[in-house]
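[1] predicted model follows, preceded by the sequence.
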Amino acid sequence: MASPLDVQELVGDETAEARAWLRNIKKYIAAQTVNTPATRLDSAAAALFGVHIAEGSTAQTWFNGLTVAQRTSYANLTREFDTRWPPIPATPTPLRQILEEFDGYVLTAGDIGQRIPTGHGNATDWAHKVFAQRLLTLGTRTTLPDAALVMRAMDKHIPPAVRELMQPHASRSWRDCAASLPVPGPAPSAGS
């Protein structure tokens, strides 16, 4: 099994592949040079960079074309790397696509009171908590005002029983509120 610190060799045929390699080699170098004195850090990092380039590749041709000063300094190497394989600008997700994902995420009445996977290992949590966190994440990405998102969520994402509970109903008893939710467990006593 590959260690998280295993680094593939740089081939350099595609910019996306080269940029992914750079992210990995930076992590590898950080782990390998943790006990290296600051005075030797730049040259040690440059040495580690150079040994992870594929033999006979586009990247090796580029690397061999560098001057000694460029090859022996990590700062110079990364600057030259960025010139040869420039960073790929992030493309923002269109608001329409985020809203479609936001609108597609619905809490059903059957989800209430259920434990579901959180997406982190084998962990589970209450469906309404996972739902709320996911909706918060999606809502934050939209950059729309909070009030607009809350209204949208109230209208499209929440079961009617929960929506009723979220409205101010001073005259309703706790028993009525609990009865409207399909949550497992005994009903509260009449004095509640």
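    That came in fine, so what should we check first? Residues are numbered from 1 along each chain as shown.
[2] for the protein, longest helix please?
    As assigned by DSSP state H, the longest helix anywhere in the chain is helix 15-32.
[3] quick one: list the elements packing against it.
    Under the contact criterion of 3 or more Cβ pairs under 8 Å, 6 or more residues apart in numbering; DSSP states H and E, helix 15-32 touches helix 41-50, helix 74-84. Bear in mind the C-beta positions are built from the backbone N, C-alpha and C, glycine included.
[4] looking at the ones you listed, which is nearest to A18?
    The closest of the helices and strands packed on helix 15-32 to A18 is helix 74-84. By Cβ to Cβ, the value is 7.6 Å.
[5] could you point out the helix or strand that follows the closest one?
    helix 95-104 (DSSP states H and E).
[6] mind listing what's buried in that following helix?
    Residues of helix 95-104 classed as buried by neighbour count (16 or more other Cβ atoms under 10 Å): 98-99, 102.
[7] R71: how many residues sit nearby?
    18 (other Cβ atoms under 10 Å).
[8] my bad, V106
    Neighbourhood size, V106 [other Cβ under 10 Å]: 13.
[9] how close does it sit to E17?
    Noted for V106: a distance of 38 Å to E17, by Cβ to Cβ, to the nearest Å.
[10] can you pull the pLDDT of the residue nearest the centre of the chain?
    Note on the chain: the residue nearest the mean C-alpha position is T137, at 10.3 Å, using Cα atoms, centre = their mean. Looking at T137, its pLDDT reads 77.
[11] so which helix or strand takes in it?
    Remark: T137 resides in helix 127-142, with elements defined by DSSP H and E.
[12] buried residues in stretch 48-56, which are they?
    If you call a residue buried by 16+ other Cβ under 10 Å, then stretch 48-56 has these buried ones: 48-50, 52-54.
[13] circling back to that earlier point, switch the buried residues of helix 95-104 over to CSV; also include pLDDT.
    Below are the buried residues of helix 95-104 laid out as CSV (pLDDT from 0 to 100):
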residue, pLDDT
I98, 78
L99, 77
F102, 75
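[14] domain ranges for this structure?
    Listed domain ranges for the chain are 15-84, 95-179 (source: automatic domain parsing).
[15] turn the ones you listed into JSON lines, including distance to V7.
    JSON lines is the format used below for the domains of the chain (distance: least, Cβ to Cβ, whole Å):
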{"stretch": "domain 15-84", "distance to V7": "5"}
{"stretch": "domain 95-179", "distance to V7": "25"}
